[in-house]
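> sequence and predicted structure below; questions after.
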Amino acid sequence: MSSTCNTNLTNLGSSACNVEMGEIKRVMFTSYLKEDGTANKILKTDAAAKANWQTLFNKFNFSSDKLEKVVPTCLVYEFKSEQADPEAFDQGGYYEKLRDGDYNFSFMIYGRVPDYIERLKDMENNTIATYLVDADSRVWGTETSASDTYLSPIRIKNVAVQNFNMKSRETPPSCLVTMRIEVPAHINNLVSVTVADGDVGLDTDFYSLIDATGTITSPAVTGCVATIVDDAEGDAVIGLAGTGDYVYWNFYDNVAPTVAIPLAADGSISASSNVYTINEAALLTTLHVYLLKVSHPMYDIDSMTVTIP
């Protein structure tokens, strides 16, 4: 017998816990690695609580934890998981096969506008991971076992997003998204956590925020007051007046709508919870109409109202 031949057999144990995944209704994207280079994962007890997931949806652009943010999709349809045949290659005249073939997820998104598709396409070149949420509001991850304390996302090798389809009489506007799993064998390690008091069908339980624009008419020359909320939950949006955050606030005068009017320094903006006061001498012109835009690179905003102080 060859010394390189392993004659050991692995005990199979008992099939006490069958994996029965329901229809996948949402996909949640996140970074695979955190700021310190360690794997992104969440305690199962935290993952089971809707409030803790929403904290991750609402993650601020703090330098210590911005990569922990989780971005849910809208409801998805026709979710499929498919494994390709193990790839064959010619080795000295003989065909050999790899141990595991490529494993892909794909799903459809209906009724979305082009800029939603564009934001999905922005992920095509990113190093990301994903959680899956099924119809029973269970969040699925991998690289852990039922006895482990953490739920980890599934690592994605790449994402391909179909361009936006215009609606016609025959077909609704749709988008096909395909993701290739980085390590196919990790699919064998799927585990799930049921989100307490969460409903996968409700956007208020799985929300993804966007940037905001507010309109101000006849402002004071020194600025205005902006109140920012998340419409889906009514939560206060805080943390956007820290050091250096003033660069993410810009006014646009209707007289010259393509020219940004930036704030000068950190002292130009102050905050009390989600109420932001912009105060800078001779910043604006009275009797004009402005758009105030706030756009943060890692923390997104749903909407805001602007008032004159």
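Arrived safely, thanks for sending. Just so it is clear, the structure is predicted and the values come from calculations on it, not from any experiment.

> lowest confidence element among the helices and strands of the chain?
strand 88-91 (a mean of 67; mean pLDDT, DSSP states H and E).

> can you list the strands that whatever helix or strand comes next after it pairs with?
Downstream of strand 88-91, the first helix or strand assigned by DSSP states H and E is strand 94-97. Strand 94-97 has the following strand partners under DSSP bridges: strand 88-91 (antiparallel).

> centroid-nearest residue for this protein?
Ranked by distance to the mean C-alpha position of the chain (C-alpha atoms, centre = their mean), the top residue is Val71 at 1.7 Å.

> my guess is that residue contacts Trp53, does it?
No. Val71 lies out of contact with Trp53 (C-beta atoms under 8 Å); the separation is 11.6 Å. (Glycine included, C-beta is placed from N, CA and C.)

> quick one: low-confidence parts of the stretch 1-150 of the chain?
Along the stretch 1-150 of the chain, the parts satisfying pLDDT under 70 run over 1-6, 15-19, 59-66, 86-91, 97-99, 144-146.

> how about the helices in it?
Listed in chain order, the helices of the stretch 1-150 of the chain (DSSP state H, counting those that start in this stretch) span 44-47, 50-57, 114-121.

> so for Val191, which of those helices sits nearest?
Smallest distance to Val191 across these (C-beta to C-beta): 8.4 Å, for helix 44-47.

> what residues sit buried inside the closest one?
Within helix 44-47, the residues scored as buried using 16 or more other C-beta atoms under 10 Å are 44, 47.

> what about it, distance to the chain center?
18 Å (C-alpha atoms, centre = their mean, to the nearest Å).

> over to stretch 121-129?
With C-alpha atoms, centre = their mean, you get 10 Å for stretch 121-129.

> cool, stretch 253-263 as well?
That offset, for stretch 253-263, works out to 30 Å (C-alpha atoms, centre = their mean).

> can you check the distance spanned by it, start to finish?
14 Å (C-alpha to C-alpha, to the nearest Å).

> who's in contact with that stretch?
Contact with stretch 253-263 is made by 246-247, 249-252, 269, 278, 280, 283-285, 288-291, as judged by C-beta atoms under 8 Å, 6 or more residues apart in numbering.
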